[in-house]
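Peer 1: Predicted model and sequence below, questions to follow.
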Amino acid sequence: MKEKAMAALPYKRVLVKLSGEALMGTEPFGIDRATVRRIAEDVIAAVKLGVEVAVVVGGGNIFRGSQIAGMGLSRPAADSMGMLATVMNVIALEAQFTSLGQPARAMSGVAMPSVVETYTRQQGMEHLSKDRVVLLAGGTGNPFFTTDTGAALRAAELECDVLMKATQVDGIYTADPKKDPTATRFDRISHDEVIRRDLKVMDTAAFALAREASLPIIVFSIHQAGSIASVLRGEASCTLVTA
Ligand SMILES: Nc1ncnc2c1ncn2[C@@H]1O[C@H](COP(=O)(O)OP(=O)(O)O)[C@@H](O)[C@H]1O
Ligand SMILES: O=c1ccn([C@@H]2O[C@H](COP(=O)(O)OP(=O)(O)O)[C@@H](O)[C@H]2O)c(=O)[nH]1
């Protein structure tokens, strides 16, 4: 069944980057239960298509290091708080997947063994090959990075075929479409061109790492229910970044 479904899709293993803000729904802060459920259902719909799914989760719905650094905190201390925020998010997601009957494992790049499994590449690969959704917290495990860069890193390490950046807009535009109504969307663009034009949808470190690893990136909007599966089936508007 899995082989049959997979045959129609160009990807066998994908990594979805989910920002912390995607879990807020319409709340100003934190985790909105209904939104977490909707996103878990979206991921499960993708699993049912026959792909293995890893998810790197951000923490911007709770703490962003760059915003709280300076308030009596060094940047590394503030970034530690940001990384802990991502752990809270994966705990919420793991519970949601479990209650929906989908096997899932939360793993953290920041060791917290009494809370979630510590990330290792080998164990992550093992979970994916057993069709468990792998929920990755802690970004890269180091300060001064973002979870976008963590997503490119984990996608490369875990041999994912594509990094799917779920965001607020349906792709990469010539300029920020929220600020410039004349901006137009790219269907396809190279990593080099994204970096050369300094397009801001992910940080440059993430694009550079993806380029180095020959990792394609899809940028798509998470607002529509079922969007991950729609993108995988080639039915939703998005931007594909390739070499
Ligand atoms: N060239 C661009 N193309 C698309 N989006 C852009 C561009 N420049 C800036 N953005 C903005 O980047 C945002 C996504 O980046 P970010 O805030 O890091 O996303 P998220 O909160 O989903 O992690 C989009 O919502 C969009 O407003
Ligand atoms: O490798 C990483 C990834 C994240 N962070 C910290 O965790 C916060 C939350 O991550 P991010 O801002 O990427 O979350 P998102 O915008 O995706 O919700 C960041 O602001 C950083 O403070 C970090 O220090 N190292």
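Peer 2: Done, it's in. Numbering: from 1, shown residues only. Ligands and ions are numbered 1, 2, ... in the order given.
Peer 1: Now the residue of the chain most remote from its centre: which helix or strand?
Peer 2: In the chain, the residue that sits farthest from the middle, by CA atoms, centre = their mean, is Gly72; the gap is 30.3 Å. In this structure, Gly72 is located outside every helix and strand according to DSSP states H and E.
Peer 1: Could you report the separation of it from ligand 2?
Peer 2: Going from Gly72 to ligand 2 by CB to the nearest ligand atom, to the nearest Å gives 16 Å. No exception for glycine: its C-beta is placed from N, CA and C like everyone else's.
Peer 1: Just the pLDDT at that residue, thanks.
Peer 2: At Gly72, the model reports a pLDDT of 89.
Peer 1: Arg197: what's it in contact with?
Peer 2: With contacts defined as CB atoms under 8 Å, 6 or more residues apart in numbering, the neighbours of Arg197 are Thr174.
Peer 1: Angles on the backbone of it, please.
Peer 2: Per-residue torsions, Arg197: phi -80, psi 0 (degrees, to the nearest 10).
Peer 1: quick one, phi/psi of Val133?
Peer 2: phi -70, psi 130.
Peer 1: Check which residues of the lengthiest helix in the chain are buried.
Peer 2: Longest helix in the chain by number of residues, with DSSP state H as the criterion: helix 75-99. For helix 75-99, burial by neighbour count (16 or more other CB atoms under 10 Å) applies to 78-94, 96-97.
Peer 1: Say whether ligand 2 is contacted by it.
Peer 2: Yes: counting by CB under 6 Å from any ligand atom, ligand 2 is contacted by helix 75-99 at 79, 82-83, 85-86.
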